[in-house]
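Q: Give me coordinates for this.
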Amino acid sequence: AAAGGVVGALGAAGLIVGGAISGVTQVLRGIGAVPEAVVAPRQGKWWNEATHQWVYTDLSKAEVPESDEDILGTLKAELDASGQLTGAGAGSVKDTYYYDLLEVD
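A: Numbers count the residues shown, from 1 in each chain. Model (predicted):
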């Protein structure tokens, strides 16, 4: 029983030391990242979550369409198609309480 207590105490001490080392490491990494995190956005960079890197995007060189019809036209067609009633119960509402509450026609 005494040996188990010693092993438990050593394990607890190891966890405390390991947690302290991990915490100090994370704080130091955060302190080291602050200068770049302040300067990079001022240089027109943004943080890419997928690659974990600062990325520069020159918007003056980006191709911008004249209108949004290429995107909005497709989206509108998809929304119109998804709004069509289908199925056996199409058009019948069992209880109109919530529709009436929200004043939906």
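
Q: Of all the helices and strands in the chain, which has the lowest average confidence?
A: Scoring the helices and strands of the chain by mean pLDDT, DSSP states H and E places helix 69-82 at the bottom, with a mean of 78.

Q: after that helix, next one along is what?
A: Sequence order places helix 97-102 as the next helix or strand after helix 69-82, per DSSP states H and E.

Q: Point out where this structure drops to low pLDDT.
A: 82-91 (pLDDT under 70).

Q: Kindly list the longest helix within it.
A: helix 2-42 (DSSP state H).

Q: distance between that helix and the chain's centre?
A: 25 Å (Cα atoms, centre = their mean, to the nearest Å).

Q: Tell me the backbone dihedrals of Glu66, please.
A: Main-chain dihedrals, Glu66, degrees, to the nearest 10: phi -70, psi -30.

Q: ok, it to Leu59 distance?
A: With distances taken as Cβ to Cβ, to the nearest Å, Glu66 is found 16 Å from Leu59. C-beta here means a position set from N, CA and C on the backbone, and glycine is covered the same way.

Q: do the same with Val39
A: Distance, Val39 to Leu59, using Cβ to Cβ: 19 Å.
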